[in-house]
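# Provided below are the primary sequence and the corresponding predicted coordinates.
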Amino acid sequence: MLPATLKLFCGISHQHLRTLTGLQWLAVGTLGTEMSRFILSKTDSCLPSMPDSLQKLCLKLGINTNLNHEKIPALSSKDLFYLNQAEDTLQKAILMLQQEGWQATKDEKNGDRTANKKIPQIGNVFRTEAVIDSPPEHIYMQLFENLEHMDQWNPGISKVQILHRIGKNTLLTREVTAQLPITSISQRDFVSVRHCCQAGSALYLIGTAACSQLMPPQQGVVRAEAALSCIVLRPLEGDSRKTHFTWLLSVDLKGSIPQFLTDKALPQSQVDFISHLRRHLSSPEKS
């Protein structure tokens with residue numbers, strides 16, 4: 001049971017885990033907390049506290065237990081709070097990825113697929129899947145390392161700011177949407193904690209809404225909240241030069257926008273984002 005459960009939290013599908021109920025899910029959730037806490041950790045100091053059996057299983061499943069990243073200095077209570085937010089979001093996202101019952105929203109001609117599912121305590125979550133002709137590492141560079149340049153290739157974004165860095169793999173950011181005359185949704189901004197981590201060959205890009213005195217609400221812009229964003233980048237089976245791209249997204253746009261407009265806008269924004277990303281990655285001038 002333990003190896004199968006670890007596979008779940010490494011993003012590896014295991015059919016019988018989808019039918020667990022009651023105390024079984026409680027046990028899985030407990031282990032999930034420990035696994036997500038380990039995946040989020042980027043210091044060698046976490047390894048001595050891991051049982052040998054767990055380290056061996058992680059190695060067998062492809063999780064790198066010797067990341068050799070620079071150690072994070074002593075963290076403030078606020079930074080620890082942000083890391084806990086990222087940990088909780090990662091755990092929730094991995095559980096969602098294993099769930100069935102997603103309702104198809106739209107299938108694009110190019111093979112991209114969107115679906116949605118109502119998740120308790122979160123609300124509507126939109127799931128978009130696509131294949132992109134670029135390796136996961138290249139996409140990761142554009143969506144995390146070069147995050148501040150996103151406005152140069154995505155017309156839906158007017159600005160992305162890194163407000164604060166927590167180690168190498170966690171950021172506090174502000175993202176401002178563009179004011180597009182063709183939409184009925186006015187300009188929004190999002191303050192989020194973002195984290196990247198790796199499990200096997202998969203890269204996870206996590207995001208969730210955060211509060212920060214570094215960027216209070218701004219006049220003339222509605223402060224929206226991303227309850228959950230999780231992008232999973234996996235090498236396409238049979239062709240590692242391509243990426244299987246999965247994106248879970250749940251957003252509260254705030255203001256007085258009717259729910260049906262939000263439900264229409266979010267999946268379309270995902271499709272548009274992937275289209276702009278493809279165009280950027282295929283450009284010889286990409287940074």
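Sure, I can see it.
# Report the beta-bridge partners for the most centrally placed residue in the chain.
Nearest residue to the geometric centre of the chain (CA atoms, centre = their mean): residue 230, 2.0 Å. On the basis of DSSP bridges, residue 230 is bridged to residue 206, residue 248.
# Tell me the confidence at it?
Predicted confidence (pLDDT) for residue 230: 98.
# what do you get for residue 51?
46.
# just residue 149 next, same as before
For residue 149, pLDDT reads 96.
# which SS class is it?
helix (DSSP: H, G, I helix; E, B strand; the rest coil).
# What is the burial count for it?
Residues lying near residue 149 (other CB atoms under 10 Å) number 14. Any C-beta I mention is one placed from the backbone N, CA and C, and that applies to glycine too.
# next one: residue 173
By other CB under 10 Å, neighbour count at residue 173 equals 21.
# can you list the weak-confidence ranges in this protein?
1-73, 180-184, 285-287 (pLDDT under 70).
# ok, which stretches of it are strands?
Listed in chain order, the strands of the chain (DSSP state E) span 103-107, 113-119, 123-132, 157-166, 170-177, 188-199, 202-209, 222-223, 225-236, 239-252.
# Same list, those strands, but as JSON lines with distance to residue 264 please.
Formatted as JSON lines, the strands of the chain follow (distance: least, CB to CB, whole Å):
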{"stretch": "strand 103-107", "distance to residue 264": "9"}
{"stretch": "strand 113-119", "distance to residue 264": "11"}
{"stretch": "strand 123-132", "distance to residue 264": "11"}
{"stretch": "strand 157-166", "distance to residue 264": "19"}
{"stretch": "strand 170-177", "distance to residue 264": "16"}
{"stretch": "strand 188-199", "distance to residue 264": "16"}
{"stretch": "strand 202-209", "distance to residue 264": "21"}
{"stretch": "strand 222-223", "distance to residue 264": "18"}
{"stretch": "strand 225-236", "distance to residue 264": "17"}
{"stretch": "strand 239-252", "distance to residue 264": "13"}
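# between those, which one is nearest to residue 276?
Nearest to residue 276 among the strands of the chain is strand 157-166 (9.2 Å), distances taken as CB to CB.
# Which strands and helices lie in contact with the closest one?
Strand 157-166 sits against helix 77-98, strand 170-177, with contacts defined as 3 or more CB pairs under 8 Å, 6 or more residues apart in numbering; DSSP states H and E.
# switch the cut-off to 6 Å
strand 170-177 (3 or more CB pairs under 6 Å, 6 or more residues apart in numbering; DSSP states H and E).
# Of all the residues in the strand it packs on, which ones are buried?
For strand 170-177, burial by neighbour count (16 or more other CB atoms under 10 Å) applies to 170-177.
# Over to stretch 273-287?
273-274, 276-278, 280-281, 286.
# before we move on, what about stretch 225-243?
Buried residues in stretch 225-243 (16+ other CB under 10 Å): 225-236, 242-243.
# try stretch 155-170
So, applying 16+ other CB under 10 Å, buried residues of stretch 155-170: 157-158, 160-161, 163-164, 166-167, 169-170.
# before we move on, what about stretch 88-95?
Neighbour-count burial for stretch 88-95 [16+ other CB under 10 Å]: 89-95.
# Residue 113: which of the residues you listed is nearest?
Once CB to CB is applied, the member of the buried residues of stretch 88-95 that ends up nearest residue 113 is residue 93, at 17.9 Å.
# Quick one: residues contacting that closest one.
230, 248 (CB atoms under 6 Å, 6 or more residues apart in numbering).
# quick revisit: can you list which of the buried residues of stretch 273-287 are found in helices?
Using DSSP state H, 273-274, 276-278, 280-281 are the members of the buried residues of stretch 273-287 that sit in helices.
# that older thread, distance check, the residue nearest to the centre of the chain against residue 161.
Distance of residue 230 to residue 161, given as CB to CB, to the nearest Å: 22 Å.
# what does residue 148 give?
For residue 148 relative to residue 161 (CB to CB), the value is 7 Å.
# what would the buried residues of strand 170-177 look like in TSV with distance to residue 127?
Listed next are the buried residues of strand 170-177 as TSV, based on distance: CB to CB, whole Å:
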residue	distance to residue 127
170	24
171	24
172	26
173	23
174	25
175	21
176	25
177	21
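# re the thing from before, can I assume the residue nearest to the centre of the chain is in contact with residue 247?
No - using CB atoms under 6 Å, residue 230 is not in contact with residue 247; the gap is 7.2 Å.
# Contact partners for residue 236?
Residue 236 neighbours (CB under 6 Å, 6+ apart): 131, 242, 244.
# For beta bridges, what are the partners of it?
residue 239.
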